[in-house]
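Undergrad: mind folding the following:
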Amino acid sequence: MAVGFAVLDKRVNKDTEALHDHLWHAQPKADPTRLLSSLRRDAEDADRLLRLGGKLRKNAEGLIDRSGTPGAGESLFELMEHTWGLAAATVLARRAEYQRAAERCKNVIASASIGVCANAGCFEYVEEWEAGKVDFEAYTGKLADFLEAKGISGVGQFKRVLNAVWDFSTTWDAGAPRKQQVMAARAAIANAGWCLLASVAIRASLGSPPRFSPKDFEDMIARIVASR
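TA: As a prediction, this is how the structure comes out:
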């Protein structure tokens, strides 16, 4: 039986949050075996709902089967968090919930930027931003400067598009004409999709790409953005 968006959204958000806690918190609450089983089901249902041709299911199952190997859990979190978060934004935009769509885009690109920082070796920038010592624009500026010093190309554009998506959400004008809000939501979705692909490319340049197929990920993100 097909699972509806609202039900699956709650499930995926709950399970990815539990996976995050399991991976990065000292005292995880979830049973790892049950959590991975639930995430396997989430990926299958999300793949079917989003019509991703088995690519989300296949990549998630591959990471789950390699659970415990370096990077598998982190990549599973990113795969599920980023594909589903962007897809949720497209669903919300189609339902005329434009501000909520922009908010989901903001969360997705923030997560992607954290992944870049963690793999680039400058996680202290994340800690500084999350502690409220700098704003998002200052944080992305430091990240871009750090990556540029490493010889990574295109980081200036990465910074600018990250900031644009962030601004769509944080400066949202709910009183703007409807068509303007429609275009803002669509722009946030397209730019967030670009940021996700750029983050994978940057990490590949750093020698620490996610453990899922970059080609499959690119195809999924392109399909999700096109569905907006």
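Undergrad: what's the residue of the chain positioned farthest from its centre sitting at in phi/psi?
TA: Here the chain reaches farthest from its C-alpha mean at P177, the gap being 28.6 Å by CA atoms, centre = their mean. Dihedral pair for P177: phi -50, psi 150, per degrees, to the nearest 10.
Undergrad: how close does the most centrally placed residue in the chain sit to G121?
TA: Centroid-nearest residue in the chain: H82, 2.6 Å away (criterion: CA atoms, centre = their mean). Plainly put, H82 is 21 Å away from G121 if you go by CB to CB, to the nearest Å. Just so you know, the C-beta spots here come from the backbone N, C-alpha and C atoms, and that holds for glycine as well.
Undergrad: what about S113, which SS state?
TA: helix (DSSP: H, G, I helix; E, B strand; the rest coil).
Undergrad: surely it touches L162?
TA: Yes. The criterion here is CB atoms under 8 Å, and S113 meets it with L162 at 5.9 Å.
Undergrad: and stretch 42-50, how far out from the chain middle?
TA: With CA atoms, centre = their mean, to the nearest Å as the basis, stretch 42-50 stands 16 Å off its chain's centre.
Undergrad: low-confidence ranges in this protein?
TA: 1-2, 26-29 (pLDDT under 70).
Undergrad: again, only this time at 80
TA: By pLDDT under 80, the weakly predicted segments of the chain are 1-3, 26-30, 228.
Undergrad: helices of that one, start to end?
TA: In the chain, helices defined by DSSP state H lie at 5-24, 32-50, 55-65, 72-94, 98-120, 123-130, 136-149, 155-170, 178-206, 214-226, listed in chain order.
Undergrad: what sits against A204?
TA: The neighbours of A204, taking CB atoms under 8 Å, 6 or more residues apart in numbering as the test, are P214.
Undergrad: do that again at 10 Å, thanks
TA: Going by CB atoms under 10 Å, 6 or more residues apart in numbering, A204 touches P210, P214.
Undergrad: do the one 5 residues further on as well
TA: Neighbour list for P209: G71, S75, N119, V200, A201, I202, R203, F217 [criterion: CB under 10 Å, 6+ apart].
Undergrad: so what's the first one closest to, chain neighbours aside?
TA: It refers to G71. R211 (4.8 Å; CB to CB, 6 or more residues apart in numbering).
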